[in-house]
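A.B. asks: pasting the structure only:
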């Protein structure tokens, strides 16, 4: 069974499927920007990685076990930030692009890639690849319509 969260296109990034349940909001800026959700009996942390106050933003999601959750919840100030950041390293995570607070695309990012490139670069590279594929698909569809 996969430890990746499932995303629903068009859903809110902080509740990425209709059956996702908000457990705790760690931070917010007009919307939850970091927190803990449950999906299919599993716990996931989420964080708005970039673009907090912009039309488009990038989100990351990682499975966490009960021990990780407890450490994060008990963390204070810099310790909390370090523990939350740590939840997104050393394992496969899900990254997503949202526009106007609605999920538009997502892609898994490998733990090894994160280790090698850093979280932000690894996530941007993976999401960019998906955007390139979508653009190619759109162009191919336009050519088919013009036939």
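C.D. replies: The structure has been received and is ready for your questions. Since this is a predicted model, take the numbers as computed values, not measurements.

A.B. asks: out of the helices and strands in this protein, which is least certain?
C.D. replies: Counting by mean pLDDT, DSSP states H and E, the weakest-scoring helix or strand in the chain turns out to be helix 119-146, with a mean of 71.

A.B. asks: so where is this structure shaky, pLDDT-wise?
C.D. replies: Scanning the chain for pLDDT under 70 picks out 1, 130-144, 147.

A.B. asks: helix or strand: which one has the residue nearest the centre of it?
C.D. replies: When the chain is reduced to its mean C-alpha position, the closest residue under CA atoms, centre = their mean turns out to be residue 60, at 2.2 Å. Under the criterion of DSSP states H and E, residue 60 resides in strand 56-64.

A.B. asks: the residue nearest to the centre of the chain reaches residue 92, doesn't it?
C.D. replies: No. Judged on CB atoms under 8 Å, residue 60 makes no contact with residue 92 at a distance of 11.3 Å. In short, each C-beta sits where N, CA and C put it, glycine included.
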